[in-house]
Every structure is written in C-alpha cells, then in structure tokens.
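**Q** any chance you can model this:
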Amino acid sequence: MNMPRGWIETLLSQNSSVAGVITAGGKASRMGGEDKGRLRVGGQAILSRVINTLRPQVSTLLLNANGDGARFADLDLDIKPDDPRGAGPLAGLLAGLEWAAQIGCPWLLSVPTDTPFLPADLRIRLAVGLREPTGAAIARSAGRNHPVIGLWSTALAGSLRRFLIDQGELRATRWAQYCGAAIVDWPDDPVDPFFNVNTPDDRMKAEHLASLSIRRAGAVVLPAGRDAYRLLHGFVTEARRRGLPIGGLLQQGGKSIGTPPAEVMMLALDTGQSFPIMQRLGRHASCAADTQQIALASVALRRAIEQRREPILVNKFGALEAEGGGLIDEMLNGMAEGLPLLTTVSTERLAAWLACCGGLCELLPADPDALWSWWERQSPQSA
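**A** Purely as a prediction, here's the structure:
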C-alpha cells in the first residue's frame, strides 16, 4: 500500500472535495425489470441503504438513472441520465464525473445501486490507495475487481469520454486498466461489502447477510506527526456522560499539551491508575518506552476486556504495535472477543495496522461525529 501524501491526507480528513454518484442505469432484467434499488433488504430499500452509507462520505450526491426521473422524486437527489446512451456502467460514471467537475469537486466516489453492504470507510480506504493526484482507485474483494466502485479524479472525465466515443470501448474493467486505477482490497468475510443483488437468489442471500451482527474496530487515521488527545479525551468524557462502560487506556501528556516526553502517562479508564510509559536514558539523552510500565498497562487493558467493557479504547497503534509488540496482542484479543475497539493510527503506520487486523476495521476521520457514528454502527441500541 502506498503511504498517503498531503493531498491524500486532505481526502482522509474532509469530504468537501468529494462528490458521489450512484449509478442506476441498468434494466434489471433478471429482477423482472423492477428498479433493483427499490428492492428491500433487511427491512430497507437497497437504494436507501446505499444513500445512507454514502452520504456522510461525500459533500453532495447524484443519482444516475435513465427513464422517468420522477420515480425517484422522493429521494431528494439530483438526477442525471447516461450520456452517451447505451454505453453501460461507464456512461453513468462519465455523467457523474462531468457533473462533479461542473460543481467544482475534484473527486468523485462512485457506487452502483444494487450493493446493500457498502463500507462506511469507502472514501478513506480508496483515498489511501491513490497513487497520484489526478488518478483513480477501485475496490476489490474475494479476488474480484469492482471497477464501478471507485474514487476518481474529475480530471479523467475527458479521457473517459474519448475512451467511450472514440475507442468505442464499453468495458469498465478495461477503463480501470486504461486509466491506471489503483486496486484496494477489502476482506469478504463474514460479508463481502460489494455483494450485489442481481437475481432473486441474491436477494435471499442478502436478507441472510443483513441479519448478521458484525462489529468492526474503529481506527482514526491521523496525518504523520499529529495526535488525537483532545478528540479521544472528548469521546471518553461524552461516553461517560452517556453512561457507557468504556474501558481501556488513554494517553495523558505529550507534545499535544506541551508536556515533556518523560511525563507521558497511560491512564486506565476503569480505575484511573496511571502508568508512566516513558523513561529517561540519561541527562542529555532522549526518552524510550518503559517496557515494564507498558506491561502493567497491558494488564489493565486485559482486565477491561475480561470485564467486557464497551467500547474498548487504546490510545494508538504505534511503533511498538507495528513491530508486533506493545499492546497489539491485547488489541487483537479484544477484537477476537467481539468487543468494539477504538484506536488511532498514523498514515505512516496504516499499512501495518491493516495487515495486523486483516482489514477488519473501519477507518475514521478525526472528527467527533465520525466516532459516534462508528459507535452507533457497533451498538445500534445506542443510536
């Protein structure tokens, strides 16, 4: 995985530069010609599920649909048909790219209308995979590319129109190759996030998948050199106000509040016990991690897991964890126990974090609302 540059870090933290398009141009012949997005899965129309997942990740949203647009009037979305007609999914992508460029958005996030389990961190993960500021990234799961699920620079609009009209090429897979789109992998167990409903059998399977209770760790993605003390401290304070039995470890002190490294503490949220996790190496030397204190902190973390506190907070996935040490065993154990773990990770260690957790997490922007939205997805009764 390529490590993010400055322009990608903007995409990680903000959705203001990203528009979204939902492509619904197909005829759905295998479903009797009915709009697939109107089919219900888990008690909700698939299209409503797609909108609810995509809307928080973009600044504005377009529905690409052919025929009488009045049938979607209840959705309160801009609607734009294919242009050129008869060019398949790429025509919907082109409509989205040209619309996004017209309204001044440099990026477009595209998804089809028949995917009821889209990930809440689609924009962030695709942004991490981008290789250049005028490029693209598409999703892959179970070894299969999904070339209409992607993040695209709107600078590609002209190239795509020429690809469709001048070359007469309609295959989305060929377009992804042609424009050099990066490929970003997602885990497909227990649910493939890009499972699509094309047949009545698919719909039956989707109903089963929608009934599964799935919890994901949350990882706040931070630009290198930044920390999230105020963000996490605010989350802990609000969690306690709401009466949540939050547990785990919160770092106290450090450069974010102007204290020397030697004064950095790890605070156990259940007991208030502090662990000074840094030690001085000498009068003029720098500080190093105090492995004995980290071991004591790990005991506190294991206790919170055994008590099944929720959510479990671990201040960060840091250098020690990236090397297989620190608190990584306890973090993975909490996830294996089905507890909602919340942590932070810098962009420079993001690849190591995803490798450690097998991608079974949600990447989150450093925003309080994003943290609480994550928590509500892990604990629907709290919504």
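
**Q** drop to CA atoms for contacts and neighbour counts, all remaining ones
**A** Noted.

**Q** helix/strand/coil for L126?
**A** Following DSSP: H, G, I helix; E, B strand; the rest coil, L126 is assigned to helix.

**Q** what number of residues lie near it?
**A** When neighbours are defined as other CA atoms under 10 Å, L126 has 25 of them.

**Q** okay, it: pLDDT?
**A** Listed pLDDT for L126 reads 96.

**Q** can you check G26 too?
**A** Note for G26: predicted pLDDT of 55.

**Q** what is the longest strand of the chain by residue count?
**A** Secondary structure of the chain read by DSSP state E shows that its longest strand is strand 144-153.

**Q** now the element after it, going C-ward?
**A** Next helix or strand after strand 144-153 toward the C-terminus (DSSP states H and E): helix 157-165.

**Q** that older thread, mind listing the strands the longest strand of the chain pairs with, and their directions?
**A** strand 107-112 (antiparallel), strand 136-141 (antiparallel) (DSSP bridges).

**Q** out of those, deepest packed?
**A** Stretch with highest mean neighbour count among the strands paired with strand 144-153: strand 107-112 (a mean of 27; mean count of other CA atoms under 10 Å).

**Q** centre of the chain to it, how far?
**A** Relative to its parent chain, strand 107-112 has a centroid offset of 14 Å by CA atoms, centre = their mean, to the nearest Å.

**Q** thinking again about what came up before, relative to I294, which of the strands paired with strand 144-153 is closest?
**A** Nearest of these to I294, taken as CA to CA: strand 136-141 at 36.8 Å.

**Q** list the contacts of the closest one.
**A** By CA atoms under 8 Å, 6 or more residues apart in numbering, the list of residues contacting strand 136-141 from outside reads 126-127, 129-130, 145-153, 176, 179-188, 192-194.

**Q** could I have the ChimeraX command that selects the buried members from those residues?
**A** Applying 16 or more other CA atoms under 10 Å to the contacts of strand 136-141, the buried members can be selected in ChimeraX as follows:
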select :126,127,129,130,145,146,147,148,149,150,151,152,153,176,179,181,182,183,184,185,186,187,188,192,193,194
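
**Q** OK, contacts around the residue lying closest to Q252 once chain neighbours are set aside?
**A** Closest residue to Q252 apart from its sequence neighbours, by CA to CA, 6 or more residues apart in numbering: M265 at 4.9 Å. Listed by CA under 8 Å, 6+ apart, the contact set of M265 reads Q251, Q252, G253, S274, F275, P276, I277, M278.

**Q** my guess is M278 contacts E263, does it?
**A** Yes. Counting by CA atoms under 8 Å, M278 does reach E263; the two are 7.2 Å apart.

**Q** more neighbours: these two, which one.
**A** Shown here are M278 and E263; by other CA under 10 Å, M278 has more neighbours (21 against 15).

**Q** any figure for the gap between the spatially closest residue to P116 that is not a sequence neighbour and A210?
**A** Nearest non-adjacent residue to P116, counting by CA to CA, 6+ apart: I46, 5.2 Å away. With distances taken as CA to CA, to the nearest Å, I46 is found 11 Å from A210.

**Q** the more surrounded of the two?
**A** Legend: neighbour count by other CA under 10 Å for I46 and A210, higher for I46 (24 against 15).

**Q** now the more buried one: phi and psi?
**A** Main-chain torsions, I46, degrees, to the nearest 10: phi -60, psi -40.

**Q** distance of it relative to A19?
**A** 20 Å.

**Q** do the same with V41
**A** 26 Å.

**Q** also G248?
**A** Distance, G248 to A19, by CA to CA: 37 Å.

**Q** for G359, same thing?
**A** To A19, G359 is 25 Å away according to CA to CA.

**Q** contacts only, for F275.
**A** Counting by CA under 8 Å, 6+ apart, F275 makes contact with M265, M266, L267, Q293, I294, L296, A297.

**Q** can you tell me the average pLDDT over the helix or strand encompassing it?
**A** Per DSSP H and E: F275 is located in strand 274-276. Mean per-residue pLDDT for strand 274-276: 94.

**Q** just how off-centre is it within its chain?
**A** Remark: strand 274-276 is offset 32 Å from the chain centroid, using CA atoms, centre = their mean.

**Q** stretch 157-176 too?
**A** In this view, stretch 157-176 has its centroid 28 Å away from the chain centroid, taken as CA atoms, centre = their mean.

**Q** got it, and stretch 357-371?
**A** Stretch 357-371 sits 6 Å away from the centroid of its parent chain (CA atoms, centre = their mean).

**Q** quick one: contacts of it?
**A** For stretch 357-371, the external contacting residues (CA under 8 Å, 6+ apart) are 12-14, 119-121, 124-125, 186-187, 216-222, 228, 231, 234-235, 332, 354, 374.
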